[in-house]
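*Asks:* Turn this into a model:
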Amino acid sequence: MNNTVDSPTFWDEKYRLGETEWDMKSATPVFVELLNSKKFIQPGKLLITGSGKGYDAIAAAKAGYDVTAVDFSFEAVFSSRKIAEQNAIKINFIVEDIFNLNQSFIETFDSVYDYTTFCSISPIRHEEYIKKISSLLKPGGKLIALLFPVEDKKDGPPFGIDPIEFYSIAKKYLKLELSSRRINSIKPRKGREVLQIYVR
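*Replies:* This next block holds a predicted model:
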């Protein structure tokens, strides 16, 4: 299998070698605040893409969400399942390429959460990804996109994200509800993240 960012072998190797500098070893504060406030999203069926070691998935499950977490890295899902079991949390973990989720998931989710997935896939697949996310949302469902890193960075992963460019793609499939830089980012990522929320 081709060892590129669009291949699970690329990410499995990083997890095996411990080259996971993106791993905060805890849930994302911005996401936790959204879960707790219930202002923009309510407990329901939630999909977390590129779920990694599952910290955000566990936080959402604890907040009462019915969580499906997908990652195509076996190593990531293996670790996340162990962490969830240690916390006695029930989550539907799936080892799968998000692009290959089958028809049974179409219009299934009330919300989809993306953090560090969009920046990790090949830029040429960005529109394909947003279109896929849109198809997984129920009518009225929401995409919670925590964009990082917001900077001019052509090489990756992570590939730099331009929020305006993200919007120009997303608006073809979804309606923007919120875009904000005034968020509770962790210190190393302050000023480098933008929260955008879209409605299908």
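
*Asks:* As a check, name the ranges of all helices in this structure.
*Replies:* 8-17, 29-37, 55-62, 74-86, 126-136, 163-170 (DSSP state H).

*Asks:* who wins for proximity to residue 194 among these?
*Replies:* Checking the helices of the chain against residue 194 by C-beta to C-beta gives helix 163-170 as the closest, at 4.7 Å. No exception for glycine: its C-beta is placed from N, CA and C like everyone else's.

*Asks:* re earlier: which among the helices of the chain is found nearest to residue 155?
*Replies:* Closest among these, using C-beta to C-beta: helix 8-17, at 14.5 Å.

*Asks:* tell me what the closest one is packed against?
*Replies:* Helices and strands touching helix 8-17, as assessed by 3 or more C-beta pairs under 8 Å, 6 or more residues apart in numbering; DSSP states H and E, comprise helix 74-86.

*Asks:* that older thread, winner for burial among the helices of the chain?
*Replies:* Burial of the helices of the chain is given as mean neighbour count (mean count of other C-beta atoms under 10 Å); helix 55-62 ranks first at a mean of 22.

*Asks:* how about the most centrally placed residue in the chain, what does it touch?
*Replies:* In the chain, the C-alpha nearest the mean C-alpha coordinate belongs to residue 114, at 2.3 Å (C-alpha atoms, centre = their mean). Shown in contact with residue 114 (C-beta atoms under 8 Å, 6 or more residues apart in numbering): 49-50, 133, 143-146.
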